[in-house]
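Asker: sequence first, then the predicted structure, then my questions.
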Amino acid sequence: MKKRLRELGKRYFIDAMGAMALGLFASLLIGTIFRALGMIPGLGLLAKIGGYASSVAGAAMGIAIANSLKGHPLVIFSCAAVGYAANLEGGAGGPLAVFVIAIIAAEAGMLVSKKTKVDIIVTPFVTLLVGGLLSIYVAPLIGVLAGYIKDFIGWATFQAPFVMGIIVSVVIGMCLTLPISSAAICASLVMTGSAAAQGSSEGLAIAGGAAVAGCCAQMIGFAVISFRENRWGGLLSQGIGTSMLQMPNIVRHPQIWIPATLASAVTGPLATCVFRMRMYGAAINSGMGTCGMLGPIGIILGWIDAENGCPYKPGALEWVGLVLICFILPAVLSLLISEFMRMRGWIKDGDMKLPD
């Protein structure tokens, strides 16, 4: 029984979750990087390409999950529509909805696949029926769960800057690593002081800065502390891609999440209380971290776009704070904490190894 549970745990929480992260990277996240490059004058075409990639995130995750479960071809192809529907209906909890629903739909499809003479009809029909119904009725409930997180963060934005800095940085950063859309949460809470965002306030601009700090801490933190296992490929894929790639390893070794999370608990209040780092760019950038460098880029674009209502001209302190909070401190703090944990035997070599 224990052996069977271990096999199921590996099948769903290691293999399927790892595949989902790769599907997300190959669609939404690489698309985000293309859109960031498209901001360079003369390279607007790249932004259009990035839009194409981002629009199929749900389908890419669904296919990746079904493929990791060794689904037959018709099951895998049918899960494209299942993933799209689950991601759409799940809102901020879209990736988590895709993870749950695509697994169930793929397993249902495999129960009937190659069992009849009309497999070309039966297999996609069952897979899509199960996945479609779950997307309609269950995915919104998963979105509601993500909404509770959003409500908690919304409450935190009205607290004292120090408390708010810790809570927003830690929670939004963890959402970035979890299969929950941190960007969607920040966008829905309008975490920006931009004049283009009706009802925005200085408090929301500061909360946006704290969110950037937390997301950068997760991405840069994991990229640096897992360098010995993953080398340059891992550094780039996590540092400008997503720390979600570490989720299968976090399931097996939860302690590896401690360094980056503690780093975010430090950089968050530093951002709000010392450097007063504020987001005046698009609110969605508050939840992107260093994915395509959109977190720092959002802050910089807010500084230089006078129409967005940035009430100050950034000086040396703001630029130094941006570099420290987004890059240097997450790397240094996470590395110090992780090396201490390695010396104590709490983190071992190979615990953060990404699949080849």
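Answerer: In hand now; what should we look at? Bear in mind that the values here come from a model prediction, so they are computed numbers and not experimental data.
Asker: what stretches of the stretch 101-250 of the chain score poorly on pLDDT?
Answerer: Confidence mapping of the stretch 101-250 of the chain against pLDDT under 70 gives the ranges 195-201.
Asker: that one: helices as residue ranges?
Answerer: 119-137, 139-156, 161-177, 182-188, 202-225, 227-239, 247-252 (DSSP state H, counting those that start in this stretch).
Asker: out of those helices, which is closest to C326?
Answerer: Ranking the helices of the stretch 101-250 of the chain by distance to C326, with C-beta to C-beta as the measure, places helix 202-225 first at 4.4 Å. All C-beta atoms are positioned from the backbone trio N, CA, C, and that covers glycine.
Asker: buried sites along the closest one?
Answerer: 203-225 (16 or more other C-beta atoms under 10 Å).
Asker: one step back: got JSON lines for the helices of the stretch 101-250 of the chain, with distance to T267 too?
Answerer: JSON lines is the format used below for the helices of the stretch 101-250 of the chain (distance: least, C-beta to C-beta, whole Å):
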{"stretch": "helix 119-137", "distance to T267": "37"}
{"stretch": "helix 139-156", "distance to T267": "16"}
{"stretch": "helix 161-177", "distance to T267": "6"}
{"stretch": "helix 182-188", "distance to T267": "15"}
{"stretch": "helix 202-225", "distance to T267": "4"}
{"stretch": "helix 227-239", "distance to T267": "15"}
{"stretch": "helix 247-252", "distance to T267": "20"}
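Asker: right, and those - which one's nearest G287?
Answerer: Closest among the helices of the stretch 101-250 of the chain, using C-beta to C-beta: helix 182-188, at 3.6 Å.
Asker: put the alpha carbons of the helix or strand encompassing P95 into CSV.
Answerer: Using DSSP states H and E, P95 falls within helix 94-112. What follows is helix 94-112, C-alpha atoms only, in CSV (Å, rounded to 0.1, in the frame of the first residue of the first chain):
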residue,chain,number,x,y,z
GLY,A,94,-5.9,28.7,-13.5
PRO,A,95,-2.6,26.7,-13.4
LEU,A,96,-3.8,24.8,-10.3
ALA,A,97,-7.1,24.1,-12.0
VAL,A,98,-5.3,22.8,-15.0
PHE,A,99,-3.1,20.6,-12.8
VAL,A,100,-6.1,19.0,-11.1
ILE,A,101,-8.5,18.7,-14.0
ALA,A,102,-6.1,17.6,-16.7
ILE,A,103,-4.9,14.7,-14.5
ILE,A,104,-8.5,13.5,-14.0
ALA,A,105,-9.5,14.0,-17.6
ALA,A,106,-6.3,12.2,-18.8
GLU,A,107,-6.9,9.3,-16.5
ALA,A,108,-10.6,9.1,-17.6
GLY,A,109,-9.5,9.1,-21.2
MET,A,110,-7.0,6.3,-20.6
LEU,A,111,-9.7,4.1,-19.1
VAL,A,112,-11.5,3.9,-22.5
